[in-house]
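Novice: what shape does this take:
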Amino acid sequence: MGQRGAVAGVALAICLVSILLLLLNTRVLNIKFFRAFTFIFILAIVDATPKRAIDQKLKSSAGSVKLRVFRGKKARLNRIIFLILASKKSLTCYELYLEIRRVKEFGNTNHQSVYGRVEALYEEGWLCKCGMKFVKANFLSPLYRLSTQAYVALKLDKTDLDVYLGTAPEPYLILMLEAVSFS
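Specialist: Have a look, this model is predicted:
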């Protein structure tokens with residue numbers, strides 16, 4: 001449901017609740033039924049509202065390629081690190097940790113797990129060091145950015161290959177075949 005659908009749902013909810021209040025004032029409805037109905041109706045509205053964009057980006061599409069970096073226990077943390085670095089270009093570990101903490105589901109994330117994950121992704125080649133930044137007096141911290149491999153992984157994670165193969169023009173498919181056969 002899009003934003004217009006959510007707004008229409010809220011408007012409908014306000015209309016129905018006002019009708020129920022009118023019926024309650026005329027003693028046609030009893031209070032227990034009114035409370036139960038409003039509770040169920042509010043639950044239905046909350047379910048229908050669109051989720052935050054980051055929540056939708058954390059989930060891969062149905063027909064996407066399941067890459068090793070987006071599988072397993074650390075898949076969600078890897079994906080949020082990739083998404084933040086894709087939008088912010090380059091950050092230190094601590095800045096990345098602060099950005100991760102701003103996301104609702106990652107509010108309780110420990111800084112040690114973020115630091116360890118960033119170091120592991122760097123060693124595997126998913127992240128690159130692109131410079132140094134002074135963070136304290138006489139202390140340098142490396143700036144991390146996504147490697148080309150990570151950008152391709154993000155794109156493949158969001159691409160449904162069945163749809164792509166069905167709709168892509170033939171020259172693109174030939175280039176894709178050459179790229180795959182090269183490795």
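
Novice: low-confidence stretches in the chain?
Specialist: The chain contains residues with pLDDT under 70 at 1-65, 182-183.

Novice: looking at it, which strand is longest?
Specialist: Counting by DSSP state E, the longest strand found in the chain is strand 127-136.

Novice: what about the helices in this protein?
Specialist: Ranges of helices in the chain, per DSSP state H, are 3-25, 31-48, 53-58, 75-88, 93-102, 111-124, 148-158, 161-167, 170-182.

Novice: who touches the fourth one?
Specialist: Residues outside helix 75-88 that contact it (Cβ atoms under 8 Å, 6 or more residues apart in numbering): 54, 57-58, 60, 69-70, 91, 95-96, 99-100, 103, 105-106, 109, 113-114, 117-118, 121, 126-127, 144-146, 150-151, 153-154, 157. Any C-beta I mention is one placed from the backbone N, CA and C, and that applies to glycine too.

Novice: who are the packing partners of the longest strand of the chain?
Specialist: Secondary-structure packing of strand 127-136 (3 or more Cβ pairs under 8 Å, 6 or more residues apart in numbering; DSSP states H and E): helix 111-124, strand 139-146.

Novice: the first one packs against which elements?
Specialist: For helix 111-124, the contact count by 3+ Cβ pairs under 8 Å, 6+ apart identifies helix 75-88, helix 93-102, strand 127-136 as packing neighbours.

Novice: measure R76 to P171 for me?
Specialist: R76 is 36 Å from P171, where distance means Cβ to Cβ, to the nearest Å.

Novice: between these two, who's got more neighbours?
Specialist: Between R76 and P171, counted using other Cβ atoms under 10 Å, the more crowded position is R76 (15 against 8).

Novice: quick check: end-to-end length of stretch 84-99?
Specialist: Start-to-end span of stretch 84-99 (Cα to Cα, to the nearest Å) is 7 Å.

Novice: go on, stretch 99-116?
Specialist: One end of stretch 99-116 to the other measures 16 Å (Cα to Cα).

Novice: same question for that stretch: list its buried residues.
Specialist: By neighbour count on 16 or more other Cβ atoms under 10 Å, the buried set for stretch 99-116 is E99, I100, V103, F106, T109, V114.

Novice: pretty sure the last one contacts L98?
Specialist: What that stands for is V114. No. Counting by Cβ atoms under 8 Å, V114 stays clear of L98, with 9.6 Å between them.

Novice: the chain - how does it break down into domains?
Specialist: Annotated domains of the chain cover 3-50, 55-158 [automatic domain parsing].

Novice: and N110, what does it touch?
Specialist: Contacts of N110 (Cβ under 8 Å, 6+ apart): none.

Novice: including distance to L161, could the helices and strands packed on strand 127-136 go into CSV?
Specialist: Shown next, in CSV, are the helices and strands packed on strand 127-136 (distance: least, Cβ to Cβ, whole Å):
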stretch, distance to L161
helix 111-124, 23
strand 139-146, 22
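
Novice: could you look over these and pick the most buried one?
Specialist: strand 139-146 (a mean of 17; mean count of other Cβ atoms under 10 Å).

Novice: thanks a lot, catch you later.
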